[in-house]
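[1] sharing a model prediction with you, sequence too.
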Amino acid sequence: MKMKFRTVFNCIKKINIISVRYYTPRRALMYVPGDNLRKLSKAFTLDVDCIAMDCEDGVALSQKETARSTIRSILDTEKNVTRRNFDRAVRVNPVNSEFCHDDLRAVLTAKYLPDTVLLPKVEDKGHLEWFADQANALIRDEAKIDLIIYVESALAVIKCYELCKYTMELAENGKFRLAGVVFGSDDLCASLGITRSHDGAELLYARQKVVLISKAFNLQAIDMVHIDFKDLVKLKEYCEQGAQMGYTGKQVIHPDQVPVVQTAFLPNKKQVEWATGLLESFKEHQKKGQGAFVYKGIMIDMPTMKQAQNIVDILKLTSSSL
Amino acid sequence: MKMKFRTVFNCIKKINIISVRYYTPRRALMYVPGDNLRKLSKAFTLDVDCIAMDCEDGVALSQKETARSTIRSILDTEKNVTRRNFDRAVRVNPVNSEFCHDDLRAVLTAKYLPDTVLLPKVEDKGHLEWFADQANALIRDEAKIDLIIYVESALAVIKCYELCKYTMELAENGKFRLAGVVFGSDDLCASLGITRSHDGAELLYARQKVVLISKAFNLQAIDMVHIDFKDLVKLKEYCEQGAQMGYTGKQVIHPDQVPVVQTAFLPNKKQVEWATGLLESFKEHQKKGQGAFVYKGIMIDMPTMKQAQNIVDILKLTSSSL
Amino acid sequence: MKMKFRTVFNCIKKINIISVRYYTPRRALMYVPGDNLRKLSKAFTLDVDCIAMDCEDGVALSQKETARSTIRSILDTEKNVTRRNFDRAVRVNPVNSEFCHDDLRAVLTAKYLPDTVLLPKVEDKGHLEWFADQANALIRDEAKIDLIIYVESALAVIKCYELCKYTMELAENGKFRLAGVVFGSDDLCASLGITRSHDGAELLYARQKVVLISKAFNLQAIDMVHIDFKDLVKLKEYCEQGAQMGYTGKQVIHPDQVPVVQTAFLPNKKQVEWATGLLESFKEHQKKGQGAFVYKGIMIDMPTMKQAQNIVDILKLTSSSL
């Protein structure tokens, strides 16, 4: 599923928007309780970008060990690795819990590594250092995993920039690379002393700050969960809002949510047509020596051209890896 | 009115949402001009969480001394201390004004200390150091007051995190503890060169940033004033908006606003029923080993449980101190 | 067009809202491609606050040299300097492009300096240092230009405060002064991997952060461009929104946009009447020793008075320089 990708631009020399070497789409990042083999097996048959086998909040305290050993045995089984078309992720417990050490040991010494480790409730550089030490000690040979960190408390939102920056530094010589950031809206609400409203207006500052910082580091940004899983209309609306802000995917807690999410985080036909036409027109105008020109009644210059290029790139990256 | 409070959780070990030792509700923080004894006397008869005897913006330049001496004589009178059920606060003038030194001397050497000092227009670490020096020198013995700082300029919003952090550090060995942050919307508007709009949309970034930072430090956050004091409908709407963002109270400039505000910053019956039911259900599911489950059509796991716990905690803390 | 201005306040001693020594209104900052002499000549006849002769995004790669030499010859021509009533600005290419050095040389060694240099895509202290070195070396004698920097990427929004602060420091001993910040919404969208929506809701965090930081430094803040240049209704709405947030002007890409923008960024008659009346009333109440009072049904004290003063000041500053 992973693919090498080199962005090639004919008309423009430097565009640093998409500079990742590998692109693994994670439009839907679906949680499945790690202690529930039935749900896990079902999940593996779905058309979903990323399956997050959960050791953390979806698992009861009494089931932590079962979750860990179930996930380990999945990672030890060859057919789960070779016959699949999804990103295989594990959400371990937080660094400052009593479970994280055992979770990481189980997961990172398995026969086959997960593609991605999801690290929740990161708030402190110390959490990241501890994780880096564990990962570097446990992962064999030259293998590297993707790391996705969770920003899900008031403090973490404040420190988001320095947490990302520090993870990037630790990753330089480590056995992981920082691939993305999850915006953990519901734990954030808990840390703010509130319950989430229906429209989520109270989260605007944090939600836009997290995506902005993620993009400043060229990271994927995974948007908040929609726990009212039967309301697919509202889900779609939220997806579009998140995608419009720059989120590249969304947390999912039910299989029914997957197709809605995966469609919403792909440019639609209308967008692609607009973008393709504009890029053509831009090239022609550049040849004629015109930097600014009118396209479908709108004044276009370089920034809008780059926005159009984004649409084409996202489509290409996501499609070619499916 | 103050009470000791230890949060006890049966099912979950670590919840750090409410870690304050004493909880003084300040749902309504009502300003009364310090030079107006009639208004002050009336205020003391009201059912209001916090009365802010004002030396600052509600007092004309020519009345600064009258305000100071009136407040001093109130603080010197025993019956005002023993027979009351409100937090007795004083808003002094800003550190960089010519009045602050005399205000603090009058207030902090009175026979009975105020519960809380409100320090407006903090923008700089130097302001806080100066205040700490004054408070530590003036307050007798082992007494400690609550300090609430005001974030009410563009610069203060930018520096909000470091101002709170530094105040916490100064408080460690000082005769005060940082209890909260006031979001001073109207001075902020002045510093932005604007006049406030009816819906306050222009303040969203600052308003959500200030509450987020306050909560990261486990502080109370007091929301902006509503100067159109006859419009109680809009007031209620603003209260609910603020409470939804995480604010724990609101500045009030008229007695009529008090009941609206104090009701809005308490969880309502419907919320309490939802929360109580969910917590029960959560416990049962944990016993059965289920970390995630459906409650009233919504997928629940740990974060939503914590949100429900918040509702119960806020009600308990506020009610038991009334 | 420039004027000296000393703010005089009779009733209040310290108001630091408008402390700039010179005020050059830039309500509309209109881009004109630097390689298009016809459009430039037409622009010079318009009633517009600021004309930005563009070397950057409005100019095709093949025309960069033409733009540079055209602008140079304009700057060398005396009548363009003496007979004009607009701020003459030049947008050079970004520091990390191959064009910036030549752009600055052409512009800063001309017979007459531009009033303002617009520096796009600033992201790093290094960019500012390089600019400062160039400007200080190229500008003759004691002349000083105004500098306006562009915040137009995710990283720049994050670093906005430190970029402004550092520019102010460099300007202290430099041949330029920092006059303002442009919010470059469309390049920001490109850097977030998105295309701009019609209502721009996805930009709220960045848009309000940038204006807040600008105002903390007493800088002008120039709001985002509206590329749908035929839709003057939406333009007006956006202008009012931006002005309400604290923006002092707006980027403009078509002559038709100018009057709409320049009207919207001036206080209207109703606002001025309200402000004038309130200031009168405030003075009277201060004389009577009343710090807080009711004006047209609204409770007024110092902050609202300052807001009213802003309205009067903006009108006075802008009008007297026209």
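    That came through, no problem.

[2] please, where are all the helices along chain A?
    Ranges of helices in chain A, per DSSP state H, are A:37-44, A:64-75, A:78-82, A:100-108, A:125-138, A:154-172, A:185-192, A:204-216, A:232-245, A:257-264, A:269-287, A:302-321.

[3] how about the nearest residue to the residue lying farthest from the centre of chain A, chain neighbours excluded?
    Distance from the C-alpha centroid of chain A, by C-alpha atoms, centre = their mean, peaks at residue A:288 (40.8 Å). If the residues on either side of it in the chain are set aside, residue A:288 comes closest to residue C:60, at 7.7 Å by C-beta to C-beta, 6 or more residues apart in numbering or on different chains. For glycine as for every other residue, the C-beta is placed from the backbone atoms N, C-alpha and C.

[4] what's near enough to touch residue A:46?
    Taking C-beta atoms under 8 Å, 6 or more residues apart in numbering or on different chains as the criterion, residue A:46 is in contact with A:30, A:86, A:255, A:258.

[5] at 7 Å instead, please
    Each residue near residue A:46 by C-beta atoms under 7 Å, 6 or more residues apart in numbering or on different chains is listed here: A:255, A:258.

[6] so, low pLDDT: which residues of chain A?
    Low-confidence segments of chain A, defined by pLDDT under 70: A:1-22, A:81-83, A:321-322.

[7] around chain B, which positions in the stretch 101-250 of chain A sit nearby?
    Taking C-beta under 7 Å from any C-beta of the partner chain as the contact definition, the stretch 101-250 of chain A meets chain B at A:154-155, A:157-158, A:186-187, A:189-197, A:202, A:204-206, A:227-230.

[8] give me the buried subset of the residues you listed.
    Buried members of those, scored by 16 or more other C-beta atoms under 10 Å in any protein chain shown, are A:154-155, A:157-158, A:186-187, A:189-196, A:202, A:204-206, A:227-229.

[9] among these, which are in reach of chain C?
    Restricting these to those near chain C by C-beta under 7 Å from any C-beta leaves A:204, A:205.

[10] isn't residue A:271 right up against residue A:312?
    No - taking contacts as C-beta atoms under 7 Å, residue A:271 lies outside contact range of residue A:312: 9.5 Å.

[11] near chain C, which residues of chain A?
    Taking C-beta under 7 Å from any C-beta, the part of chain A that reaches chain C is made up of A:17, A:161, A:204-205, A:208-209, A:212-213, A:215-216, A:244-246, A:286, A:289-292, A:297-299, A:301-304, A:306-307, A:310-311, A:314.

[12] buried subset of those residues?
    A:17, A:161, A:204-205, A:208-209, A:212-213, A:215-216, A:244-246, A:286, A:290-292, A:298-299, A:301-304, A:306-307, A:310-311, A:314.

[13] now do the same contact list for the residue lying closest to residue A:147 once chain neighbours are set aside.
    In space, and not counting its chain neighbours, residue A:147 is closest to residue A:176: 4.4 Å by C-beta to C-beta, 6+ apart. Counting by C-beta under 7 Å, 6+ apart, residue A:176 makes contact with A:135, A:144, A:145, A:147.

[14] what about 8 Å?
    Residue A:176 sits next to A:117, A:132, A:135, A:139, A:144, A:145, A:146, A:147 when contact means C-beta under 8 Å, 6+ apart.

[15] how much space between it and chain C?
    Distance, residue A:176 to chain C, using C-beta to the nearest C-beta, to the nearest Å: 23 Å.

[16] for residue A:266, grab the count of nearby residues.
    Residues near residue A:266, counting by other C-beta atoms under 10 Å in any protein chain shown, number 18.

[17] neighbours around the residue nearest to residue A:315 when sequence neighbours are not counted, how many?
    Leaving aside its sequence neighbours, residue A:315 sits nearest to residue A:267 (C-beta to C-beta, 6+ apart; 5.1 Å). Residues within reach of residue A:267, counting by other C-beta under 10 Å, total 20.

[18] next: residue A:279.
    By other C-beta under 10 Å, 17 other residues sit near residue A:279.

[19] now residue A:300
    Residue A:300: 23 surrounding residues under other C-beta under 10 Å.

[20] over to residue A:165?
    What residue A:165 shows, counting by other C-beta under 10 Å, is a neighbour count of 16.

[21] in this structure it contacts residue A:217, no?
    Yes - counting by C-beta atoms under 8 Å, residue A:165 does reach residue A:217; the two are 7.5 Å apart.

[22] who are the contact partners of the closest residue to chain B within the stretch 201-322 of chain A?
    Residue nearest to chain B within the stretch 201-322 of chain A (C-beta to the nearest C-beta): residue A:205, separated by 3.5 Å. Neighbouring residues of residue A:205 by C-beta under 8 Å, 6+ apart: B:204, B:205, B:208, B:209, B:212, C:205.
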